[in-house]
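how would this look folded up:
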Amino acid sequence: MTFQAEIDVPLLDVRDLRTEFGTDSGTVTAVDGVSFTVHAGERVAIVGESGSGKSAMAMSILRLLAYPGRVAGGTVLLNGRDLCALSERQLNAVRGREVGTVFQDPMSSLDPVMRISKQMIPPIMRSVGLGREKARAEAIHWLDKVGIPDAERRLEAFPFEMSGGMRQRVMIAMALSCRPKLLIADEPTTALDVTIQAQIVDVMKTLISETGTAMMFITHDLGLVARFADKVAVMYAGRIVEFGTVHDIFHKPSHPYTQSLLSTIPSTTALRHQRLPQIPGMPPDMKNPPKGCAFRDRCAAAIQTCAQDAPRLTPRGAGHVAACWQPDGLAGVPRPECSGQVRRNTNRPLRDRTMVEINRLTKQFTGSGTRLFSRKPAQVVKAVNGVTLRVQQGETLGIVGESGCGKSTVARLLLGLEEPTSGEIFIDGLAQMVFQDPSSSFNPKMRIHAIIEEPLIVKRWGDRQARAERVRSLIDQVGLEVAHLDRYPNQLSGGQRQRVAVARALALDPSVVVADEPTSALDVSVRAQVINLLADLKEDLGIAFIFISHDLLTVRYIADRIAVMYLGEVVEYGPADEVFDRPAHPYTKALIDAVPLPDPVTEAARAPIQLKGELPSPLDIPKGCAFASRCPIVTDRCRIEKPVLRQPMKTREAACHYAK
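Below you'll find the predicted structure:
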């Protein structure tokens with residue numbers, strides 16, 4: 001069906017699209033009868049949890065599905081021409097020229113051994129019909145348009161010589177330089193810092209408005225959707241369950257799944273110790289899709305009809321449709337399992353006890369010249385440069401900042417994975433770590449019980465029976481079933497694997513847990529579960545947490561105090577609410593301004609200060625303030641005199657000459 005009045009012929013018209021993946025255990029229906037339209041110049045966001053079919057649907061449009069995936073039915077009309085009926089050769093003429101693509105990881109799309117010029121100029125020559133010199137000028141033009149400084153020189157760079165933000169800008173420039181009618185962007189900003197993310201979204205929004213290109217934007221970041229999209233399609237279990245304008249989806253959501261997704265986002269007004277709402281249960285197994293509504297087992301508003309018949313998309317207003325038997329979704333339905341206070345352990349004595357103390361910590365990495373037998377002096381990277389921090393018992397310290405600011409290096413120093421160049425680290429008790437991607441820290445051939453038990457065996461903790469009892473206690477503590485212990489990591493969801501990672505970290509009763517980006521790769525619904533778990537454990541066990549993240553809304557919700565790092569130094573330090581409500585350092589203010597808020601009305605009214613450029617090189621730290629080259633209030637004093645971390649107010653420290 002069509003979701004917009006046919007004022008003109010849509011650029012893209014997808015009708016009853018079905019995509020299947022054949023496996024040894026059965027056929028997985030990844031896309032199940034999806035229909036929608038995109039008009040010229042429109043920005044349509046596709047949202048939903050992992051496994052909802054977002055990426056499979058997008059890849060089906062250009063038949064870029066990896067084996068054993070296949071388009072099993074439906075039509076994909078681009079300007080009236082059915083792409084599903086084209087040969088591979090005919091499709092190659094469409095890919096890039098008429099439909100551009102930008103993927104999540106630019107390094108998987110860029111050839112690491114080819115200069116950018118070799119990857120940009122030939123496609124422009126083929127798609128636009130220009131000679132080499134004019135194509136080169138066009139490539140430089142687009143690199144400049146996406147905000148890459150010194151574009152002519154950067155054109156001859158290799159991808160590995162650029163930062164993640166620069167590489168993603170190159171991908172956008174490559175996609176738009178061929179002047180496509182439609183741009184498909186699949187999670188193009190997920191791995192980027194909030195400041196770079198804001199710049200890239202602004203670049204895409206501006207360029208698309210100028211060129212009239214339409215865009216499909218696949219993401220799980222609902223804040224970005226509020227900032228960027230015109231319309232939103234919400235997918236669940238391979239189907240679109242709600243479609244409408246960005247205003248309708250955020251302010252008048254009709255489907256229980258949409259309402260649940262929006263409720264799991266930490267807000268700027270979230271109360272400390274208030275639990276984030278969670279979506280109970282798990283998405284269905286699409287090898288055996290349920291009868292009736294696929295969301296019914298997780299829905300508090302489900303009725304008998306939901307188990308018998310799958311609802312179809314029906315109008316909920318002009319241009320707004322939803323697939324639900326309940327006209328108002330969850331409105332008025334109590335959900336006690338998703339609300340309430342974080343568990344408070346009143347029996348745990350609250351002591352003013354310092355668990356972590358870091359004094360004047362530095363870490364320098366020394367490397368030789370870039371050439372063999374080079375006579376150039378060794379290069380020194382000042383990754384951590386004089387950091388002083390303290391964490392109390394039962395406190396969560398959030399450490400935020402852009403990539404390269406030294407956050408993760410501080411974590412490795414705390415755990416003894418790196419030796420400090422100078423300074424002191426004191427830890428009262430044992431420190432353990434929870435990593436960003438638990439899969440990379442698990443042995444895929446070990447069952448869950450063996451993964452959790454491993455640190456106990458290494459430390460020769462108890463006998464076999466005692467260890468088994470400890471493992472069962474831990475799996476219960478993180479909210480999983482004993483049955484999960486016999487499974488392998490690939491048999492668990494992302495949120496379940498992260499819970500296992502937390503259980504393993506707790507095995508030896510640590511007093512300090514360092515969590516390095518533990519929720520950045522998770523869907524918003526799973527993220528809420530993990531955040532609530534960490535908050536409960538802090539209250540129950542009195543553990544001190546060090547929470548490293550670039551997700552500032554999550555940090556504000558979970559952290560008691562925040563340390564803002566820039567180029568290896570702490571530039572602001574204080575209570576979380578105060579830092580967010582009244583930032584004293586211009587860098588902190590820029591970080592907070594860059595955070596997309598899940599409200600399109602608020603986003604439309606904002607005029608955030610965007611940082612220009614990227615972090616200076618740690619090989620050549622500026623003489624004065626390291627932030628001077630990007631600061632909106634910089635003066636000559638900043639360029640000459642380095643500010644020190646001082647206390648401009650009673651409870652806060654900031655390294656800025658003009659902090660107030």
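
list the contacts for P648?
584, 654, 659-660 (CB atoms under 8 Å, 6 or more residues apart in numbering). C-betas here are computed from N, CA, C, even on glycine.

Quick one: which of those residues is the most crowded by neighbours?
A654 (28 neighbours; other CB atoms under 10 Å).

Now do that residue against I592, distance only.
Separation of A654 from I592 (CB to CB, to the nearest Å) stands at 14 Å.

Mind checking which of the contacts of P648 are in strands?
Residues of the contacts of P648 located in strands (DSSP state E): A654.

Now for the contacts of P648: which two are most distant?
Spatial extent of the contacts of P648 (CB to CB) is set by the pair A654 and K660 at 8.8 Å.

intersection of neighbour lists for those two?
Taking CB under 8 Å, 6+ apart as the criterion, A654 and K660 both touch 584, 648.

Tabulate the CA atom coordinates of the helix or strand where C638 lies in CSV.
C638 is part of helix 636-640, with elements assigned from DSSP states H and E. Extracted C-alpha coordinates of helix 636-640, given in CSV (Å, rounded to 0.1, in the frame of the first residue of the first chain):
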residue,chain,number,x,y,z
ASP,A,636,45.0,34.9,22.0
ARG,A,637,45.5,33.9,25.7
CYS,A,638,44.1,30.4,24.9
ARG,A,639,46.7,29.9,22.1
ILE,A,640,49.6,30.9,24.3
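
State the mean pLDDT of that helix.
Averaging pLDDT along helix 636-640 yields 94.

Check what contacts that helix and list those residues.
622-625, 627-628, 631, 657.

Beyond that helix, next helix or strand please.
Immediately after helix 636-640, counting by DSSP H and E, sits strand 646-649.

Strands of the stretch 201-350 of the chain, start to end?
214-218, 231-236, 239-245, 314-317, 320-322 (DSSP state E, counting those that start in this stretch).

do you know which of those lies nearest F295?
Once those are compared by CB to CB, strand 231-236 is nearest, at 5.8 Å.

chain center to that closest one, what's the gap?
Strand 231-236 sits 18 Å away from the centroid of its parent chain (CA atoms, centre = their mean, to the nearest Å).

Adjacent strands (with direction) for it?
Strand 231-236 has its sheet partners listed here by DSSP bridges as strand 43-47 (parallel), strand 239-245 (antiparallel).

Could you count how many residues lie near Q259?
Neighbourhood size, Q259 [other CB under 10 Å]: 22.

In contact with it, which residues?
Counting by CB under 8 Å, 6+ apart, Q259 has contacts 253, 329-331.

can we see that at 6 Å?
If you count contacts by CB atoms under 6 Å, 6 or more residues apart in numbering, Q259 has them with 253, 329-330.

who wins for most neighbours among those residues?
Result: P253 is most packed of these (other CB under 10 Å), 25 neighbours.

For the closest residue to that one other than its chain neighbours, report the pLDDT, please.
Leaving out its chain neighbours, the residue that sits closest to P253 by CB to CB, 6 or more residues apart in numbering is Q259, at 4.8 Å. Looking at Q259, its pLDDT reads 94.

Tell me how far A30 lies from A66.
Distance from A30 to A66, counting by CB to CB: 12 Å.

So which of these two has more stuff around it?
A30 (24 against 7).

which stretches of the stretch 501-650 of the chain have low pLDDT?
Under the criterion pLDDT under 70, the flagged ranges of the stretch 501-650 of the chain are 521, 608-609, 613-615.
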